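S.K.: pasting the structure only:
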């Protein structure tokens, strides 16, 4: 085998974006074939993610490799566990490598090293490949890797030298994978899954927009201004998060896309399918949302926190879906008269005190059996809209609450 065969493989797999488990498993197997007697390895990278701190993979020569995710290491049990690892000691000391000759009785305060010694490991090496401060993203300030062997006498000096040559390439492949995942995560979290998919496929040019026929959703909270005036400011973000989560869950569950949060308002679209299908799914989302709002409000009232309900407006129309703004700051959203109209319909919901109002265009898009569930709420002149609009609401006799 050529001296650089493992390194060549790492470069190819790193460029291919091979996932952590397959990357680590393939790396360790090739190292063994090349005469480097690995028996245990773990690698992980911190990330920028709203729900976890990082992810990694673990490999051993007597069991399948597996991937894992971990939460915050800044507090509680996560912090305690992190501070008991050799990585913490190495990282805090500013070092890049730590070797512990387990077979010669060397130890640290780490229970993990004690366990490795009990399993017959004779040598242990940990590496921290640091990421420069000016390129750190979120928690991603280094790639962490460790290796152990059960070979008699531990790692040879030649074996350690080879491992040191290979570790930077493995770390780079893991960092590249993590950066790609961070980009996808940020796009999905801040743009919504549909817009994120479009942007990540390359549609980022300023002014690039697609004309689409879509169902529009606009929801906002009943009495939010009054709640905001009375509530402690520290309560407002949790309140908005709780009700926004209900809207997102319902919209995404029905195949829609949330595009924007405007204070307490949520703008979403349903665009995959014909008008009738999108309209039906929007109604399904509204019913689901209504149930979730009741659950959120009940839980908040039990805790003595401000609670409310929500208005929803549904409309159908053509919009431009794409990038709007300046070169330095673009927003991926929808624009057009229909967007203005759905927000005005939502405002009218407050005026006529109806939880749900839909436009005539939306009503016409529904299948006949669904149209029968609605009654006219009247004709209204909406602010900023030229013609009076005929609006509909669910028949109060059919509403379940």
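M.R.: Looks like it arrived, so ask away. It should be emphasised that the depicted structure is a prediction, and the values quoted were computed from it without experimental measurement.
S.K.: doesn't residue 129 make contact with residue 168?
M.R.: Yes: using CB atoms under 8 Å, residue 168 is in contact with residue 129, at 6.2 Å. To be clear about C-beta, it is placed using only N, CA and C from the backbone, and glycine gets the same treatment.
S.K.: these two: who's more crowded?
M.R.: residue 129 (18 against 14; other CB atoms under 10 Å).
S.K.: how much space between that one and residue 269?
M.R.: In this view, residue 129 and residue 269 are 43 Å apart by CB to CB, to the nearest Å.
S.K.: now swap in residue 335 and tell me
M.R.: Counting by CB to CB - residue 335 and residue 269 are separated by 12 Å.
S.K.: for residue 109, same thing?
M.R.: For residue 109, the distance to residue 269 - CB to CB - is 55 Å.
S.K.: quick one, which of those two is more surrounded?
M.R.: residue 269 (26 against 12).
S.K.: give me the phi and psi angles of the more buried one.
M.R.: phi -130, psi 150 (degrees, to the nearest 10).
S.K.: next up, the contacts around it.
M.R.: 194, 214, 215, 216, 217, 256, 257, 259, 319, 321, 334 (CB atoms under 8 Å, 6 or more residues apart in numbering).
S.K.: residue 297: which of the residues you listed is nearest?
M.R.: Taking CB to CB as the measure, residue 297 sits nearest to residue 217 out of those, at 19.9 Å.
S.K.: tell me the pLDDT at the closest one?
M.R.: Looking at residue 217, its pLDDT is 97.
S.K.: which other helices and strands contact the helix or strand harbouring it?
M.R.: If you go by DSSP states H and E, residue 217 is part of strand 209-221. Here strand 209-221 touches helix 233-253, strand 265-270, helix 275-302, strand 310-326, strand 329-335, helix 337-352, going by 3 or more CB pairs under 8 Å, 6 or more residues apart in numbering; DSSP states H and E.
S.K.: ok, it: who's next to it in the sheet?
M.R.: strand 265-270 (antiparallel), strand 310-326 (antiparallel) (DSSP bridges).
S.K.: average model confidence for the longest one?
M.R.: When pLDDT is averaged along strand 310-326, the result is 87.
S.K.: and if you look at the first one?
M.R.: Confidence over strand 265-270, taken as the mean pLDDT, stands at 94.
S.K.: numbering from 30 from now on, please.
M.R.: Got it, the first residue is 30 from now on, which makes the last one we talked about strand 294-299.
S.K.: how far does it sit from its chain's centre?
M.R.: 18 Å (CA atoms, centre = their mean, to the nearest Å).
S.K.: ok, now stretch 97-112?
M.R.: Going by CA atoms, centre = their mean, where stretch 97-112 is centred and where its chain is centred differ by 20 Å.
S.K.: show me which positions of it end up buried.
M.R.: Going by neighbour count (16 or more other CB atoms under 10 Å), the buried part of stretch 97-112 is 102, 111.
S.K.: tell me the contacts of residue 423?
M.R.: For residue 423, counting by CB under 8 Å, 6+ apart, the contacting residues are 385, 402, 403, 404.
S.K.: so the second one sits right up against residue 427, yeah?
M.R.: It stands for residue 402. Yes: between residue 402 and residue 427 there is a contact under CB under 8 Å: 5.5 Å.
S.K.: shared neighbours, these two?
M.R.: By CB under 8 Å, 6+ apart, no residue touches both residue 402 and residue 427.
S.K.: quick one: which of those two has more around it?
M.R.: More crowded of residue 402 and residue 427, by other CB under 10 Å: residue 402, with 15 against 10.
S.K.: distance of that one relative to residue 317?
M.R.: 16 Å.
S.K.: hmm, back to that, got the helices and strands packed on strand 238-250 as a markdown table, with distance to residue 391 columns?
M.R.: As requested, the helices and strands packed on strand 238-250 are exported to a markdown table (distance: least, CB to CB, whole Å):
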| stretch | distance to residue 391 |
| --- | --- |
| helix 262-282 | 15 |
| strand 294-299 | 11 |
| helix 304-331 | 6 |
| strand 339-355 | 5 |
| strand 358-364 | 16 |
| helix 366-381 | 9 |
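S.K.: tell me the most buried of these?
M.R.: Of all those, strand 294-299 carries the top mean neighbour count, a mean of 25, counting by mean count of other CB atoms under 10 Å.
S.K.: ok now stretch 111-130, how far from the chain's centre?
M.R.: Using CA atoms, centre = their mean, the offset of stretch 111-130 from its chain centre is 30 Å.
S.K.: buried set for it?
M.R.: 111, 113, 114, 115, 116, 117, 118, 119, 120, 127, 129.
S.K.: quick one: pLDDT of the third one?
M.R.: Right, residue 114. So residue 114 comes in at 88 (pLDDT).
S.K.: quickly note the distance from it to residue 207.
M.R.: 19 Å.
S.K.: by mean pLDDT, flag the weakest helix or strand of the protein.
M.R.: helix 222-229 (a mean of 69; mean pLDDT, DSSP states H and E).
S.K.: so where's the chain shaky on pLDDT?
M.R.: 30-32, 221, 223-225, 227-238, 413, 415, 428-430 (pLDDT under 70).
S.K.: apply 50 and report the result again.
M.R.: Scanning the chain for pLDDT under 50 picks out 30-31, 429-430.
S.K.: which helix runs longest in it?
M.R.: helix 186-220 (DSSP state H).
S.K.: what angle do it and strand 358-364 make?
M.R.: 40 degrees (axes from the mean of the first three to the mean of the last three CA atoms, to 10 degrees).
S.K.: and helix 186-220, what does it pack onto?
M.R.: Partner elements for helix 186-220 (3+ CB pairs under 8 Å, 6+ apart): helix 34-45, helix 49-62, strand 69-75, strand 152-159, strand 171-178, helix 222-229.
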